[in-house]
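Asks: what would the 3D arrangement of this be:
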Amino acid sequence: MPERILVTGANGFVGKALCQHLVAHGYRVRGVVRGNQRPVAGVEYAPIHDLASVTRAEWASMLDDVHVVIHCAALVHQMNGVADPDAYYRINTAATALLAEAAADAGVRRFVFLSTVKVLGEFTEPGRPFRADDPPNPRYDYARSKWLAEQALTAVGDRTGMEAVILRPPLIYGPGVGGNFDSLMRLVKKGVPLPLGAIRNKRSLLAIGNLLDVCEQCIQRSQPLSGTFLVSDGTDVSTAELVSALARSQGIRVWMVPIPVTLMRMAGWFLGRKEAIDRLVGNLQVDIQALCDALEWKPKRTMANELDTIRGDWGDRV
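Replies: Predicted coordinates:
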C-alpha cells in the first residue's frame, strides 16, 4: 500500500499543487485545511479553524498512519506588516514545534518543512550566493519565526530520531501564484512601459514543478535524509530577464525604459516603497549543490516550461 502523506496548508498555492501532484502519483494524501475547502479530488481532508489553535491531541488524530509530513502552512511575509506581529510566532514557530512533537510521537519517519531563504537574509552580494550552511540573518518577523521553527524541528529530530528535512526556497512561481509575482504579471500583461531596462541583478527563483519534484524525492528516498537545503531552478535571472520571459510567454512586446538603479532607489525612498524597489533591483542567489548531492537530483523544469503551464491561468485572472 502506498505511503500516507500529511500536507498542511493543503488549500494554499503550494499545498494544493502538492496534493494534486501526490494524488496523481498514487500517494494517499491527508490535507490539513482551514475551513471546509476541498479543492483536490482524492485527498482526505482534515479541516481546522486555525493552525495555532490545533491541540496536540488533534494533531495526533490527523497523524494516524502517516509516514511523511510536508508542512507548507504558514503566515507569509506581508509587505506592510501585520496587525499582530506575534501571529508569525504563534503560527510559524509554536504550531510547527507542536506538530513536530506530535509527528515524532506518532512514529512519522520524515518531516519536510517548507521554510524560506530569507532566514539567511534579504539580499546577496554579487557572485556570492547563499549556501545552506551560511549563518542565519533573518531581518523581519516572518523570517525570524521560520528560523525559530527550523531550530525547534531540528531539536525534535535530534531527540527522537525523526528525520527533519528543511527546504529554504526563494520566490516560488507557477499556476495560481499571487503576491509580487502576480503583480508583475499584471503589469506585463497591460503592455505598459516599465522602468526596468537598466537592472542587471541576479535572482534565484523556484518553479513549483521543481519544488513538487523535490518533495516527492524527499518522500521516496529510502536512505536516511536530514538537514537544511536551499532549492531553486538552478539558474538565475535579472528582473529585466524575468520580465522579458513573462512577455515572451504571452506573446507580448514589452518596452523597458533604462532608468538608472540609483534613481529608482531614490524614488522608492521618497515614495515609501523602498522595500519593493530593493526587491526589484537587488541580488538574491542560492547555491543548490548540497540538495542536488543529497537527493541525486537536478532541476527538470525551466522557467520557460513553467511559464507555459501558467499561460491559461494568467488569462483567467489578469
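
Asks: which of the helices and strands in this structure ranks last by mean pLDDT?
Replies: In the chain, the helix or strand scored least confidently by mean pLDDT, DSSP states H and E is helix 311-317, which has a mean of 57.

Asks: pLDDT of stretch 24-44, averaged?
Replies: Mean per-residue pLDDT for stretch 24-44: 92.

Asks: give me the residues contacting that stretch.
Replies: Identification of contacts with stretch 24-44 by C-beta atoms under 8 Å, 6 or more residues apart in numbering yields 1-11, 15-16, 19-20, 22-23, 45-51, 62, 66, 73, 216, 219. The C-beta positions use only the backbone N, C-alpha and C, and glycine is treated the same way.

Asks: just say helix, strand or coil for residue 166.
Replies: Under the three-state scheme (DSSP: H, G, I helix; E, B strand; the rest coil), residue 166 adopts strand.

Asks: ok, the nearest residue in space to it that is not next to it in sequence - contacts?
Replies: In space, residue 166 comes closest to residue 228 once its chain neighbours are excluded; the distance is 4.3 Å by C-beta to C-beta, 6 or more residues apart in numbering. Neighbour list for residue 228: 115, 132-133, 150, 166, 168 [criterion: C-beta under 8 Å, 6+ apart].

Asks: now pLDDT too, for the residues you listed, in a markdown table please.
Replies: Listed next are the contacts of residue 228 as a markdown table, based on pLDDT from 0 to 100:
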| residue | pLDDT |
| --- | --- |
| 115 | 98 |
| 132 | 91 |
| 133 | 93 |
| 150 | 98 |
| 166 | 98 |
| 168 | 98 |
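
Asks: for the one helix or strand residue 275 maps to, name the packing helices and strands.
Replies: Here residue 275 sits within helix 274-281, counting by DSSP states H and E. Helices and strands touching helix 274-281, by 3 or more C-beta pairs under 8 Å, 6 or more residues apart in numbering; DSSP states H and E, are helix 261-270.

Asks: distance between the helix it packs on and the chain's centre?
Replies: Between the centre of helix 261-270 and the centre of its chain there are 28 Å (C-alpha atoms, centre = their mean, to the nearest Å).

Asks: helix 274-281 and that one, what's the angle between them?
Replies: Angle of helix 261-270 versus helix 274-281, following axes from the mean of the first three to the mean of the last three C-alpha atoms, to 10 degrees, is 160 degrees.

Asks: export helix 261-270 to PDB, keeping only CA atoms.
Replies: Only the C-alpha atoms of helix 261-270 are listed here, as PDB (Å, rounded to 0.1, in the frame of the first residue of the first chain):
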ATOM      1  CA  VAL A 261      19.100  52.000 -10.500                       C
ATOM      2  CA  THR A 262      20.200  54.800  -8.200                       C
ATOM      3  CA  LEU A 263      17.200  56.900  -9.400                       C
ATOM      4  CA  MET A 264      14.900  54.000  -8.800                       C
ATOM      5  CA  ARG A 265      16.200  53.600  -5.200                       C
ATOM      6  CA  MET A 266      15.800  57.300  -4.600                       C
ATOM      7  CA  ALA A 267      12.200  57.300  -5.900                       C
ATOM      8  CA  GLY A 268      11.500  54.200  -3.700                       C
ATOM      9  CA  TRP A 269      12.800  56.100  -0.600                       C
ATOM     10  CA  PHE A 270      10.700  59.200  -1.300                       C
END
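
Asks: picking that back up, next SSE after the helix holding residue 275?
Replies: That would be, after helix 274-281 and using DSSP H and E, helix 289-295.

Asks: ok, and what's touching stretch 268-279?
Replies: With contacts defined as C-beta under 8 Å, 6+ apart, stretch 268-279 is touched by 79, 122-123, 180, 264-265, 267.
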